[in-house]
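> Return a 3D structure for these sequence lines:
(one chain, ligands or ions: 1)
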Amino acid sequence: MNTEYILAIIYLVASVTFVVGLKMLSHPDSARKGNLVAAFGMFLAIAGTIMFPRGEKEISGLIYALIAGSIVIGTVVGWMTAQKVKMTKMPELVSLFNGMGGACAAAISIIEYSHYAGKENMELSVATIMAGLIIGTVSFSGSIIAFLKLNGTMNKPVRLPSYNIINTIMMIAVFVLGAFIALGGEKNAFLMYATFALALIYGIMFVVPIGGADMPVVISLLNSFTGLAAAFGGFLYGNQVMLTGGILVGSAGTLLTLVMCKAMNRPLQNVIFGAFGGGSAAGPKGDSDKGSIKDISVSDSAVLMNYAKKVIIVPGYGLAVAQAQHVIHELENLLNERGVEVKYAIHPVAGRMPGHMNVLLAESNVDYSKLVEMEEINPEFATTDVVVVIGANDVVNPAAKTDPSSPIYGMPILDVENAQHIIVNKRSMNAGYAGIDNDLFYNTKTSMLFGDAKKVLTELVTELKSMN
Ligand code: TAP
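As a prediction, this is how the structure comes out:
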């Protein structure tokens with residue numbers, strides 16, 4: 001059989017595995033297998049591309065050695081990093097990997113520009129190259145800034161005066177330059193590199209002002225950029241699997257961006273044009289007019305829960321850090337045995353990545369039917385005896401509803417204050433991700449149960465076991 005056909009079949013199979021894998025990723029039950037299915041598809045696509053190269057040119061032994069070397073280095077580094085990374089550090093890793101994808105797309109464009117530019121009837125190809133260059137580069141530099149922000153190296157949003165206008169002008173300038181190069185027909189490496197440099201700077205300027213709770217939206221947006229840039233590469237090469245993969249990443253990233261925008265109540269145009277809130281966060285301490293906080297002991301908490309009819313658990317980032325997912329499940333089982341109805345309230349941006357709480361609780365075999373999404377659970381708080389907030393902060397902050405000056409104002413939150421009793425477990429009065437104070441802690445219905453989530457929950461389980 002003609003090798004073109006064999007390659008087409010391989011690409012078709014690989015594309016199908018991407019679609020199936022993505023579908024499987026949408027449920028925690030099948031996500032792990034879905035990842036493997038898509039990874040197998042990617043392996044097929046790479047192997048097929050190497051074994052059945054298109055075009056007339058011979059591929060030298062040196063090129064094969066370089067490809068093999070890159071694959072080995074990439075696999076070892078990727079494998080080791082993924083093995084070592086903590087679940088709570090996943091968004092950092094995602095932004096770094098995403099940045100590498102953007103860099104690859106940009107590198108392809110830089111190389112291919114020299115092959116296509118200045119030749120007759122190549123305007124469409126050069127336009128594709130410039131689109132891949134700009135979008136890939138913005139994704140690369142933006143992702144690196146996102147990585148530095150997430151790992152705490154750049155922990156303050158920096159804002160130039162009128163950064164909104166500057167950013168918009170830069171974005172327009174970079175695309176106008178790209179269009180000029182594509183339509184101009186002349187080969188002009190200087191202008192191409194100038195576009196590359198401008199896109200690099202724009203990517204940095206785009207992410208630098210963003211602070212606090214808006215970060216996840218940006219990461220997912222950058223992810224969709226990388227997908228789009230890869231799709232342009234696929235279009236340029238007529239490579240179906242690269243095109244399919246790029247489109248899938250691009251559209252999945254866009255959908256996730258929209259879902260998160262909705263969860264955080266930020267219109268997408270605000271994200272794209274840089275009109276971000278956040279950053280002007282007030283410190284968590286020093287608000288003496290808020291009233292006082294009330295402590296509660298482990299045994300009093302156990303009594304409250306033991307005699308409740310209905311308990312809602314609100315898991316947050318602190319639960320993940322403390323790795324308390326197994327012991328919370330044990331607590332849930334104990335309460336169930338005593339006839340207490342227990343549910344988990346899942347906020348769409350609880351934790352540090354989309355679906356973080358679902359993945360975490362799935363790890364300890366919590367029944368999925370008990371994980372209730374925010375819109376569905378919010379009306380239930382009014383009929384709940386005890387809400388137990390474990391290591392969550394921003395997602396239960398009433399300032400989102402009441403304080404227009406708050407960086408999280410407008411973000412839908414869990415209406416925990418409607419319950420009869422609220423127990424909040426955290427280690428101190430320190431702020432959460434958005435860096436802001438939380439009036440919930442001063443609510444007369446709230447009791448603070450201080451301590452590490454795993455330790456406190458383990459003590460609660462022991463206490464409950466000792467009660468009749
Ligand atoms: P946060 O607002 O970050 O609050 C977590 C709280 O957990 C902190 O206040 C901390 O207080 C406490 N904590 C930390 N370690 C703990 C431990 N070992 N035991 C007990 N408590 C511990 O978390 P959240 O409510 O889940 O909100 C998520 C935030 O992250 C939102 O602002 C969201 O926008 C942002 N974000 C989300 C994502 C996605 S997509 N999910 C991605 C990036 C950012 P102490 O220090 O006093 O213990």
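
> Where does Pro379 sit: helix, strand or coil?
Secondary structure state of Pro379, per DSSP: H, G, I helix; E, B strand; the rest coil, is helix.

> and it, how many neighbours?
10 (other CB atoms under 10 Å). All C-beta spots, glycine's among them, are computed from the backbone N, C-alpha and C.

> So it versus the ligand, what's the distance?
In this view, Pro379 and the ligand are 20 Å apart by CB to the nearest ligand atom, to the nearest Å.

> and Lys465, what helix or strand is that in?
For Lys465, the host element (DSSP states H and E) is helix 453-466.

> quick one: Tyr193 and Ile408, what's the gap?
Counting by CB to CB, to the nearest Å, the separation of Tyr193 from Ile408 is 41 Å.

> of these two, who's got more company?
Under the neighbour definition other CB under 10 Å, Tyr193 and Ile408 were set side by side, and Ile408 has more, 25 against 13.

> what does the chain put close to the ligand?
Residues of the chain that fall close to the ligand, judged by CB under 6 Å from any ligand atom: 91, 213, 215-216, 316-318, 321-322, 349-354, 356, 391-395, 425-428, 430, 432-434, 452-453.

> was I right about Pro216 contacting Pro91?
Yes - the pair Pro216 and Pro91 qualifies as a contact (CB atoms under 8 Å) at a distance of 7.1 Å.

> Where does pLDDT dip in the protein?
By pLDDT under 70, the weakly predicted segments of the chain are 156-157, 159, 211-213, 271-289, 468.

> Residue ranges of each domain in it, please.
In terms of domains, the chain is parsed into 87-278, 298-465 (source: automatic domain parsing).

> closest one to Phe43 among those?
Checking those against Phe43 by CB to CB gives domain 87-278 as the closest, at 11.6 Å.

> Show me which parts of the helix holding Lys465 are buried, residue by residue.
Ala453, Lys454, Val456, Leu457, Thr458, Glu459, Leu460, Val461, Glu463, Leu464 (16 or more other CB atoms under 10 Å).

> who's in contact with the last one?
When contacts are counted by CB atoms under 8 Å, 6 or more residues apart in numbering, Leu464 is found next to Ala302, Met305, Asn306, Leu331, Leu334, Leu335, Arg338.

> Please apply the same query to the first one.
Contact partners of Ala453, counting by CB under 8 Å, 6+ apart, are Gly318, Leu319, Val321, Ala322, Ala324, Ile390, Gly391, Asn425, Lys426.

> can you tell me the helix or strand for the residue of the stretch 251-400 of the chain found nearest the ligand?
Across the stretch 251-400 of the chain, no residue is closer to the ligand than Gly318, which sits at 2.5 Å (CB to the nearest ligand atom). Element membership of Gly318 [criterion: DSSP H and E] is helix 317-322.

> what sits up against that helix?
87-88, 325, 328, 350-352, 356-357, 360, 390-393, 425-427, 432-433, 452-455.

> Would you mind listing which of the residues you listed are buried?
87-88, 325, 328, 350-352, 356-357, 360, 390-393, 425-426, 432-433, 452-454.

> Now intersect these with the strands, please.
Of the buried ones among the contacts of helix 317-322, the ones assigned to strands by DSSP state E are Ile390, Asn425, Lys426.

> any chance of those in CSV, with distance to Ala179 too?
Listed next are these as CSV, based on distance: CB to CB, whole Å:
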residue, distance to Ala179
Ile390, 52
Asn425, 55
Lys426, 52
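
> Check the offset of stretch 411-425 from the chain's centre.
Remark: stretch 411-425 is offset 25 Å from the chain centroid, using CA atoms, centre = their mean, to the nearest Å.

> typo on my end, it should be stretch 86-104
9 Å.

> buried sites along that stretch?
87-88, 90-104.

> Can I get that stretch in PDB, CA atoms only?
Below are the C-alpha coordinates for stretch 86-104, written out as PDB (Å, rounded to 0.1, in the frame of the first residue of the first chain):
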ATOM      1  CA  LYS A  86       2.100  17.800  43.800                       C
ATOM      2  CA  MET A  87      -1.600  17.900  42.800                       C
ATOM      3  CA  THR A  88      -1.800  21.500  44.200                       C
ATOM      4  CA  LYS A  89       1.000  22.600  41.900                       C
ATOM      5  CA  MET A  90      -0.600  21.200  38.800                       C
ATOM      6  CA  PRO A  91      -1.700  24.600  37.400                       C
ATOM      7  CA  GLU A  92       1.900  25.700  37.400                       C
ATOM      8  CA  LEU A  93       2.900  22.600  35.400                       C
ATOM      9  CA  VAL A  94       0.000  23.000  33.000                       C
ATOM     10  CA  SER A  95       1.100  26.600  32.300                       C
ATOM     11  CA  LEU A  96       4.700  25.600  31.800                       C
ATOM     12  CA  PHE A  97       3.800  22.700  29.400                       C
ATOM     13  CA  ASN A  98       1.300  25.000  27.700                       C
ATOM     14  CA  GLY A  99       4.100  27.600  27.200                       C
ATOM     15  CA  MET A 100       6.300  24.900  25.600                       C
ATOM     16  CA  GLY A 101       3.500  24.100  23.100                       C
ATOM     17  CA  GLY A 102       3.200  27.800  22.200                       C
ATOM     18  CA  ALA A 103       7.000  28.000  21.800                       C
ATOM     19  CA  CYS A 104       6.900  25.000  19.400                       C
END
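
> Show residues contacting that stretch.
With CB under 8 Å, 6+ apart, stretch 86-104 has contacts from 78, 81-82, 85, 135-144, 146-147, 150-151, 215-216, 219, 222-223, 225-226, 229-230, 249, 317, 320-321, 351-353, 356, 359-360.

> Alright, that wraps it up for me.
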